[in-house]
Every structure is written in structure tokens, then in C-alpha cells.
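S.K.: Requesting a structural model of the entry that follows:
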Amino acid sequence: MDDVMVRERYELSKERLGVIMLEETVKEPYRDYFRKTAEFLLMLDEVQELVRNRDWESADILMLAEENRKLYEDILPEQYETSYGNPAYAQKMLGETFGSFLSALYSEMRSGIVYAYEGQMEYLSILNELFIEIYNCFEEEPEYQAVRDIFYWYANDYCEVFAADRIMDQIDPDRTFAVDIICRSDLSDLKYLYRYGEYISDNEIETAKYIADLPEETIQKMADVYTEGFRKGFVLGNKDLSKKTTVNIRFKLGFERVVKQAVANFEAMGLRPTIYRAGASVLTRRGVSRNGYFGRIPNQQYDYDHKDDQALFMDKHYVERRLEVMKTVYEQNKELAAGFAGPAVMEVFGEIPFAPQKKEEALTLTKKQEEMLLSFDGKAGQITNTYIPGDERSFTIISWPVPEIGEKFEEIFGEVIRINTLDSDLYSKVQQTMIDALDEGESVHILGSGENRTDLTVQLYRLQDPQKETIFENCVADVNIPVGEVFTSPVLRGTNGVLHVSRVYLNGLQYRDLEIRFQDGMISGYGCGNFEDEKACRDYVKENILFNHETLPLGEFAIGTNTTAYVAGRRFGIEDKYPILIAEKTGPHFAVGDTCYSYSEDTKVYNPDGKEIVARDNEVSILRKENPEQAYMHCHTDITIPYDELGAITVIRKDGSEIPLLKDGRFVLPGTEILNEPLDCR
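M.R.: Below is the predicted model:
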């Protein structure tokens, strides 16, 4: 859109917001809501002007911190009980008919914070106009459906803008908002953190301070293991990195010094970075997950309360419109899409585990909408795979602690550096010994100990040529850092039993007494102990582990071998704060959802011993040959049993004889005893 037209639209909307602050045409209880929201939108206009004209070098950091807090203070935990962003409060003050809707509208208006920092005047105009149109309805006695229709058409009409920009942010390296902050700022001056517009807490500040003081060789080491892991993913997957031109870097604010070095490393490989923000609008975010860079989550309960705001517009027409936009944007940018190598992700851990409160006032998806969303995921995955083929891209993930992990943060950070850079060659040899034993089996029996109720038999792929083929991948420090696991795609038929873990932290949420039951490799039942109400527990698991699928296959079975990470977790008392990335290496783990080879099952993969890893499909993923929409679930969640809850892992041969791998939490297979050394030093 022409800049002059955008400016005119914006100025008109801003003028109308000023009038709303004064007039009394809307009756209470709604008048207070609209005035406060209009006041917030006008504050964004002031922020936009400040950001545009600010001399960041001379700015006062205390003033920047105060501005940042003012933008987010309304939804912070200490004020959330009386915030319109809280659906429960909104419904209490505004009534059952409009409370939840207006809370969702308020949440959408808050997405304007990041647009103000990015100078996205068109986006701010769109938000202002949506708010004003709904306000105008309330000058009369509005009908709920009429008001909801306004939001519905907002989503459909501007899907083309929001969704298109989201794709371009991922594949176009010329969109450099974050790259410029990282590569052009003085990273020793922490004022740079406030340039993003994200919420900045002590975690980000203390992280940045700590990283700023690390020796250059440590920063290089951290960046090298990260970028080398990405490169090795292409080598081990027999994929041609030379065909690629871009890599997507995802990280948590505070790690910019490491990211800056990683950018240089990737550029030496011929890859330019795309660094995009985690979705802010209901049109670009999904549930409580965050893909992209972000600061501190101001209030995880707020995020959870608004995870299903898509309920206001999710229908067949919207899904078709969104898919049409995706296909058009990719088609118009084929070369950029083809050059996309995949994501390189830096996760963090150590924040206080979050167990959400489930609120009846929050919007929820209907059963039909859940099915539409799942259908959308399938079709969107197919479109993406057409333009960015899965067998031509890779990824890497690494994780670092943040100061909230405790007083021993610096000591823990040093230990995690050691864990992330362990000797891959040593682990490769030990893990190969384990794989040789597993290749003799038809199934594996996993049994918990003590109060752990796990009793699960996993069926294995049948080898046709054991001299050239293998079932398990020997995972060293490449795409999945740190080193330390062997994994496979199980055969579903005959995979039966119970998986149980006393406490686990998955995708930012805590689960207590989690239990999942399998019948022929598919989830047949589930529950947890988070809530007193059994149905609430099942709903919690279904929403956040099954992602509203009726069932999921067991996509991966693995045995973690990183006893060093396990012992460190116990020594520092942080095992419940480990991310999946590290936790999965500290015991056997089971992933529900897609296999590890989704969209690249036909690409031959080999272990260091030269054998081809042939267990890349299962009975669900093989459906890709006939019906790709049924083959992929677009989720993959690892659930780990810690060693101290483990009774035994035993390989069962065809003749019924057994090969013990682990017993009472210790490795007993000859040739793997070295893995017990960290356990003996506890």
C-alpha cells in the first residue's frame, strides 16, 4: 500500500481514538473498556514516535526499562486479576455475552506493541480500524453475531497481509530488523535489548550481562557447536547444503553475542540469516508455542487464556483463504523458498515451571474447529514441502540455561557448555555397541521401578540384510545437541502397554503423574494428576500433548545415554527444568506424533559404521504415498523416563531370549559400562 495512503489511514484512525477518549455515546460497563483500550492504542502512537526519533546511544537505560514495563504492566501477574486481558475479569465486568470476545479483542490490540517498534504503520492502522469498527457497534445495542462478524472478516481480509508477511519473514534475508539490532549494536551496552519491543525482565538483562563477560573463545565455542551441528545435519542426511542460501536463527533475547558469531559462521557456509519474531497476532501465533525470537513471556497464564482465540474466525472459508495465501506467496517467491535450509534453534531453560489454570471464560475451539485446524496443518505442511522439500532441508537445536535457574547459574552454565560439547566419538562407539544388540531384537521391553508404572513393549523393524542395514540411528552432536541417544521409528502393530512418568516439563508446561497407554502403537488412553477433575486432566493432555488429535502414533523410541547431563541435573536440582532437548538424553524416551524422519523418509541415512538406517517409516507415515494429509500429525513430543524411575530395558530376540541393556537405572550391556561412571560419581 502507498505510504501516503497508509499515513492518511493512520492519522484518521488516531484522530478517532482521541474522540473516543472524550465522548460518552457508549454506555457502561463498556465505556471504561473502550476508553482504556483506546488509551493503550494512543500510547502505541507515542511509542512509535519515540522509537523513530530516539538516539539509542544517549538514551537512559532506566527510562527505557520504565517504558518497557509500562507497555506490559497490565497483563503482568501482579495486575492480571483486574486486566481486561483476563477473560475471567472481562466477563465479570462486561458480562457473559461480550466479556470473552472483548478480552480477545484487547489481546489482539496488544500485538500492536511490536508493530510500533518495527515502524509497521499499516499494521497499527489495521488494528485501530478494527477497534473503532467494533466500538461503533457499541454506540447502539449490539448483536453478538454482528460484532463477531467484524472480527471474522478482519481475520479473512487481512490474512493476506499477516500470513504473507509471516512467510516472507522466514525466507527473505533482506528483512533485517533483528539482524540489524544484533550485528550493529554495541552488545556490551544492554540498552540494545529494549530495541526489539519485547518484554525485558531480569532474566534477559542478567543473561546478556553474563554473555557479555565471557571470553571470546567461549563465545566461539558456543557458536561453533551450534552452527556445526546444523552443517553436520546436511552431511549425515546426505543433503546438499551448497544449494541453500538462507538459515533461520531462533533464539531468546540475551544471547545476541553468541548469535552474532553464529551469523558469521553461517555466512562462511554461504548462508544468510533470517531472524523473525515469534507471532504476536492471533493470525500468526499458534497456541502457547513461540517460533522465532522473543523476550520474557510477560504472563504465561495470559498466553494460555488466549491460546484458542482463533475460535472467533476458524472455519472452512478461513482455512481455504489461508492456504491460498500460502501457496500464492510461495509460488511468487520460489527461489527464496528453495534456498531455505531450515531452522537453527537456541532454546533456554531454567524458568519456573508453569502449570496453567483452566478458565471456563476463555475461548475454546469447537470439535469441528479442532478438526479444521488439524486439516489445515496437514495441507499447509504439504504446501511448504512442495516449495521447501523436507528431504532438502535440515535443522539443529541447542539449549542454554537462564539466570532464573538459581544462584548457581554461572556454574550451571559452565556445566551445560561441557555437556553440549562432549566427545562425540566416544559416545558414537558406545552407542554403536548398544545398536548392535538392539538390531538382534524383534522388540524391546521397558519397565519402570518403584512408583513408576511403565510397562511397555515396543516392536522393532525387521532387518532384511543385517550386514548392511540397522534399525537405530547413532545420534551424535549434530541436529540434536547435546550428544547421547540412539533412536528408531517403532513398528506400531504389537507396540502395547503403559508409559508413565511422575513429573515432566513439556513445551513450557508441567505435567504431574503423566500416563499414556498404547494399543498397537496408537494412544488409547491418557491422563495426569495436574487437576482434581479427571476430565480436566484428560483435556489438558489432549490439548497440549495430542494437540487435539483423537490419537497419535508412537513416532519414536529412543534410549538416552548422556549420564553426565543426568547427574548434573540431579546435582543442581534442575532435572525438572531441563528442556526436552537435554531431558531426552537422560533416559529412555518416547515421542508421540510424527517420526524423526517426517517428509524425508525416502532420503537414505547412514550411521558412522556405514549401515543404512532403514526404520524411517511406520504404518501411519507410510500413508504419505497415498494420502499425505493422514500421514503427518505435525507434532512430535518427547517424554522421558529418568534413570532413577527405570527398572529395566531388555531386548527380546525372535527366539524369546533376552539381552539386558539397563537394569535398575544402570547400563549393563558389556561395552557400555563407561556410561555408568558419571552415575558412580554422584
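
S.K.: mind listing the helices for the stretch 201-350 of the chain?
M.R.: All helices of the stretch 201-350 of the chain, identified by DSSP state H, counting those that start in this stretch, fall at 202-213, 216-236, 256-268, 300-305, 316-332, 334-338.

S.K.: Can you tell me what sits against the second one?
M.R.: Read that as helix 216-236. Residues from elsewhere that reach helix 216-236, judged by Cβ atoms under 8 Å, 6 or more residues apart in numbering: 211, 239-241, 247, 257-258, 261-262, 264-266, 269, 341-342, 344, 346, 394-396, 398, 400, 417, 420-421, 476-481, 605-606. Backbone N, C-alpha and C define where each C-beta goes, glycine included.

S.K.: Next, the angle helix 202-213 makes with it.
M.R.: Computed by axes from the mean of the first three to the mean of the last three Cα atoms, to 10 degrees, the angle separating helix 216-236 from helix 202-213 equals 100 degrees.

S.K.: Alpha carbons of helix 216-236, as CSV, please.
M.R.: Presented in CSV, the C-alpha positions along helix 216-236 are these (Å, rounded to 0.1, in the frame of the first residue of the first chain):
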residue,chain,number,x,y,z
GLU,A,216,35.8,-14.7,23.1
GLU,A,217,37.0,-18.3,22.8
THR,A,218,34.0,-19.4,24.9
ILE,A,219,31.6,-17.5,22.6
GLN,A,220,33.3,-19.0,19.6
LYS,A,221,33.0,-22.5,21.1
MET,A,222,29.2,-22.0,21.8
ALA,A,223,28.6,-20.7,18.3
ASP,A,224,30.7,-23.4,16.7
VAL,A,225,28.9,-26.4,18.3
TYR,A,226,25.6,-24.8,17.2
THR,A,227,26.5,-24.0,13.6
GLU,A,228,28.5,-27.2,13.1
GLY,A,229,25.5,-29.2,14.3
PHE,A,230,23.5,-27.6,11.5
ARG,A,231,26.1,-28.3,8.9
LYS,A,232,26.5,-31.9,10.1
GLY,A,233,22.8,-32.4,9.7
PHE,A,234,23.2,-31.9,6.0
VAL,A,235,26.3,-34.2,5.8
LEU,A,236,24.7,-37.1,7.8
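
S.K.: pLDDT (mean, whole number) over it?
M.R.: For helix 216-236, mean pLDDT is 93.

S.K.: what's the answer for the fifth one, then?
M.R.: Model confidence over helix 316-332, given as mean pLDDT, is 96.

S.K.: What residues sit buried inside that helix?
M.R.: 318-319, 321-323, 325-327, 329-330 (16 or more other Cβ atoms under 10 Å).

S.K.: Asp202 is in contact with Val402, isn't it?
M.R.: No - between Asp202 and Val402 there is no contact under Cβ atoms under 8 Å: 9.7 Å.

S.K.: from the contacts of helix 216-236, which ones fall inside strands?
M.R.: 247, 341-342, 344, 346, 396, 398, 400 (DSSP state E).

S.K.: Closest to Tyr33 out of those?
M.R.: Checking the ones in strands among the contacts of helix 216-236 against Tyr33 with Cβ to Cβ, the nearest one is Met346 at 39.1 Å.

S.K.: Would you enumerate the residues in contact with the closest one?
M.R.: Neighbouring residues of Met346 by Cβ under 8 Å, 6+ apart: 226, 249-252, 255, 258-259, 398-400.

S.K.: now Ile659
M.R.: By Cβ under 8 Å, 6+ apart, Ile659 lies in contact with 437, 440-441, 650-651, 653, 669.

S.K.: Farthest-apart pair in those residues, please.
M.R.: Maximum pairwise distance among the contacts of Ile659 (Cβ to Cβ): 14.0 Å, between Arg653 and Leu669.

S.K.: Those two: who's more crowded?
M.R.: A direct count of neighbours by other Cβ atoms under 10 Å for Arg653 and Leu669 places Leu669 higher, at 20 against 13.

S.K.: The closest residue to the more buried one other than its chain neighbours: helix or strand, and which one exactly?
M.R.: Spatial nearest neighbour of Leu669, excluding adjacent residues (Cβ to Cβ, 6 or more residues apart in numbering): Leu661 at 5.0 Å. Per DSSP states H and E, Leu661 falls inside strand 658-663.

S.K.: Select the longest helix from the protein.
M.R.: Longest helix of the chain, by residue count under DSSP state H: helix 144-171.

S.K.: shaky segments in the stretch 401-550 of the chain?
M.R.: Confidence mapping of the stretch 401-550 of the chain against pLDDT under 70 gives the ranges 477-478.

S.K.: let's see 80
M.R.: Where the stretch 401-550 of the chain drops to pLDDT under 80, the residues are 476-480, 507-508.

S.K.: thinking again about what came up before, now do the following helix or strand past the longest helix of the chain: everything it contacts.
M.R.: As assigned by DSSP H and E, the chain's next helix or strand after helix 144-171 is helix 177-184. Identification of contacts with helix 177-184 by Cβ under 8 Å, 6+ apart yields 118, 173, 192, 195-196, 256, 259-260, 263, 273, 275-277, 293.

S.K.: before we move on, the earlier item: mind listing what's buried along the longest helix of the chain?
M.R.: Neighbour counts using 16+ other Cβ under 10 Å place 147-148, 150-152, 154-156, 158-159, 162-171 of helix 144-171 among the buried residues.

S.K.: tell me what that helix is packed against?
M.R.: helix 99-110, helix 121-137, strand 272-274, helix 316-332 (3 or more Cβ pairs under 8 Å, 6 or more residues apart in numbering; DSSP states H and E).

S.K.: which one of the ones you listed lies closest to Arg31?
M.R.: helix 121-137 (10.0 Å).

S.K.: quick check: angle from the closest one to helix 99-110?
M.R.: Using the same axes, to 10 degrees, the inter-axis angle of helix 121-137 relative to helix 99-110 is 150 degrees.

S.K.: buried stuff in helix 121-137?
M.R.: Neighbour-count burial for helix 121-137 flags 121-132, 134-135 (criterion: 16+ other Cβ under 10 Å).

S.K.: same check, this time on stretch 590-609
M.R.: Neighbour counts over stretch 590-609 (16+ other Cβ under 10 Å) mark 590-601, 605-607 as buried.

S.K.: Span of that stretch from start to end?
M.R.: By Cα to Cα, to the nearest Å, the extent of stretch 590-609 from end to end equals 25 Å.

S.K.: Next: stretch 532-550.
M.R.: This stretch, stretch 532-550, spans 23 Å end to end (Cα to Cα).

S.K.: residues in contact with it?
M.R.: The contact list for stretch 532-550 (Cβ under 8 Å, 6+ apart) reads 287-288, 358, 365, 370, 373-374, 506-507, 509, 511, 514, 516, 523, 526-531, 552, 592-593, 633-635, 637.

S.K.: Quick one: buried ones out of the residues you listed?
M.R.: The neighbour-count test (16+ other Cβ under 10 Å) marks 287-288, 358, 365, 370, 373-374, 506, 509, 511, 514, 516, 523, 526-528, 530-531, 552, 592-593, 633, 635, 637 as buried among the contacts of stretch 532-550.
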